[in-house]
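In: Build the 3D model from these lines:
(2 chains)
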Amino acid sequence: MIFRRRSRAVPGRPDRESRTNADASAVECIKQMGQVQPVPAVESNIYTITIIGQIEGHMVLPPQNKTTKYEHVIPQLVAVEQSPKIEGLLIILNTVGGDVEAGLAIAELIDSMSKPTVSLVLGGGHSIGVPIAVGADYSFISETATMTIHPLRLSGFLIGVPQTFEYLDKMQDRVIRFVVKKTRITEEKLRELMFSTGQLARDIGTVLVGKDAVEVGLIREVGGLGSAISRLNRLIKARKEGGGP
Amino acid sequence: MILYTAMPLEAVLEGMESYRPEYLELDHPRGKIIVERISPTQARVVRLISPCPQDYLDPKTQPGTIISLMP
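Out: Numbers count the residues shown, from 1 in each chain, chains lettered A, B, ... in the order given. Got it, this is the predicted structure:
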């Protein structure tokens, strides 16, 4: 037994017996499990989704990849939108990209949610992580985090129907259109970043570090967890007062 | 499927041909859980199939959770 309910203390008298019980159970817990008691669960009005590693889409990736499975994230977003207890969503990203369609599906779903959403890019939000980060109502990037903007490659992993250059171009336009719609960046600027040479050793594109991403208009603000949570609380408050997110 | 990633594709797809996981379907109160067997007594949750969105917030059925299999 890990949790033991304390008996009600009589005011003015130390509740010695129950304290001894709690101490004994803590010692027991350390002896048996080699760990201290877990922090009791606190009901929060914010739900956090972490987008890490590769975004796994229609194919299962080999086990050396850490993946975020889109088929699990999508119903989670539905549950967040529908749950009466959850008032806001925090999305934390540290992703290297992944499946285009899975990534865009998550981004569009986040964009279409009525509850306030805030994203925070930590470490990296590359490739298809970009539309997911900008899909939220408000976006943050930590000072040292990076975002890589690069084109979809024709050498990509293609299976099934014959893939043509136009098809790939169309997929790329979907990403560009979504990002342009959601941010202050212009299409010309985004394409310029995407096709710039001399920054990446193996590819064309641009690496944006922290405030660079804010300067080009992709991300709204440089900040960390504290600023993301306080912004989310402000959006929740505004929505409650009828202002909408 | 098109992978749009900053990682080299050969690193992502390495072992794709030899990766043959053994999947099992287990019952869930409102649907099924697909698990990957990792040892005779243990399995890793791969996917939850349920029509109820709240089920997807349950930590016990998050993908990657190790569960023990009853013989």
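
In: switch to C-alpha atoms for all contacts and neighbour counts from now on
Out: Fine.

In: Got phi/psi on the closest residue to B:K32 other than its chain neighbours?
Out: The shortest distance from B:K32 to any non-neighbouring residue, by CA to CA, 6 or more residues apart in numbering or on different chains, is to B:I49 (5.1 Å). B:I49 adopts backbone torsions of phi -120, psi 110, taken as degrees, to the nearest 10.

In: B:I49: neighbouring residues, count only.
Out: For B:I49, the neighbour count with other CA atoms under 10 Å in any protein chain shown is 17.

In: ok, it - contacts?
Out: B:31-34 (CA atoms under 8 Å, 6 or more residues apart in numbering or on different chains).

In: In ChimeraX, how would I select just the buried ones from these?
Out: The ChimeraX selection below is limited to those of the contacts of B:I49 classed as buried (16 or more other CA atoms under 10 Å in any protein chain shown):
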select /B:33,34
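
In: In TSV: the contacts of B:I49, plus secondary structure and pLDDT.
Out: Below are the contacts of B:I49 laid out as TSV (DSSP: H, G, I helix; E, B strand; the rest coil; pLDDT from 0 to 100):
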residue	secondary structure	pLDDT
B:G31	strand	90
B:K32	strand	93
B:I33	strand	93
B:I34	strand	94
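
In: roughly how far is the lowest-mean-pLDDT helix or strand in chain B from the heart of the chain?
Out: Within chain B, confidence by mean pLDDT, DSSP states H and E is lowest for helix B:9-13 among all helices and strands, at a mean of 84. On the basis of CA atoms, centre = their mean, to the nearest Å, helix B:9-13 sits 20 Å off its chain's mean C-alpha point.

In: List the buried residues of it.
Out: B:V12.

In: pLDDT (mean, whole number) over the helix or strand following that helix?
Out: Downstream of helix B:9-13, the next assigned helix or strand under DSSP states H and E is strand B:23-28. Averaging pLDDT along strand B:23-28 gives 92.

In: Note down every partner strand of strand B:23-28 and its orientation.
Out: For strand B:23-28, the pairing partners within the sheet under DSSP bridges are strand B:31-37 (antiparallel).

In: what's near enough to touch the residue sitting nearest the centre point of chain B?
Out: Centroid check for chain B by CA atoms, centre = their mean gives B:V46 as the closest residue, at 1.0 Å. When contacts are counted by CA under 8 Å, 6+ apart, B:V46 touches B:33-36, B:63-64.
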